[in-house]
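Peer 1: For reference, the sequence and a predicted model appear below.
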Amino acid sequence: MGAAVFSDVPEHATVVGNPARVADENREANVYGGEVVRKEETSTDSVAEKYWEIFSSCFDGIDFNPVTFRFHDSGWDSIAQMLLISRLEEGFSISLKGRDSLKVKSYAAGLKLVKEKTGGSR
């Protein structure tokens, strides 16, 4: 699976890796699965990076675009949803029950929820 990079990457920047990162160390941001995250908000175990690792592991072997990939798209069925919720709960030591678990309908919505539950950094 290749890295997905979308808007907000500085012009002429080189982006490498999965999750995608701006290769130039002097740049101010990294890109994790389509979300630009300022360097001061990231570390090797940042919420965005860890979320990307967990999310992409649930859909291993499926070529997806994290910006447009949604629950009920091909490859993201109720079984994959339960796996994702379970891995997020375990990986971040959080509880996503009831309405919270229903909010995870896209990559961005899930990341937003995890950041809210963890206080944004872990």
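Peer 2: Good, I have the coordinates. Numbers count the residues shown, from 1 in each chain.
Peer 1: Show me the shaky parts of this structure.
Peer 2: 1-45, 120-122 (pLDDT under 70).
Peer 1: can you pull the contacts of the closest residue to residue 80 other than its chain neighbours?
Peer 2: Once flanking residues are discounted, residue 80 sits nearest to residue 58: 5.8 Å by Cβ to Cβ, 6 or more residues apart in numbering. Heads up, the C-betas are built off the backbone N, CA and C, glycines and all. Contact analysis of residue 58 by Cβ atoms under 8 Å, 6 or more residues apart in numbering lists 80, 83, 84, 87.
Peer 1: ok, which stretches of this structure are strands?
Peer 2: 15-16, 21-22, 29-32, 35-38 (DSSP state E).
Peer 1: Show me which helix runs longest in this protein.
Peer 2: Scanning the chain for the longest helix, with DSSP state H as the assignment, gives helix 78-92.
Peer 1: Summarise which helices and strands that helix is packed against.
Peer 2: helix 47-58, helix 107-118 (3 or more Cβ pairs under 8 Å, 6 or more residues apart in numbering; DSSP states H and E).
Peer 1: which residues touch that helix?
Peer 2: 47, 50-51, 54-55, 57-59, 71, 94-96, 101, 104, 110, 114, 117-118, 122.
Peer 1: Just the buried residues of those.
Peer 2: Buried subset of these (neighbour count, 16 or more other Cβ atoms under 10 Å): 47, 50-51, 54-55, 58-59, 71, 94, 96, 101, 104, 110, 114, 117, 122.
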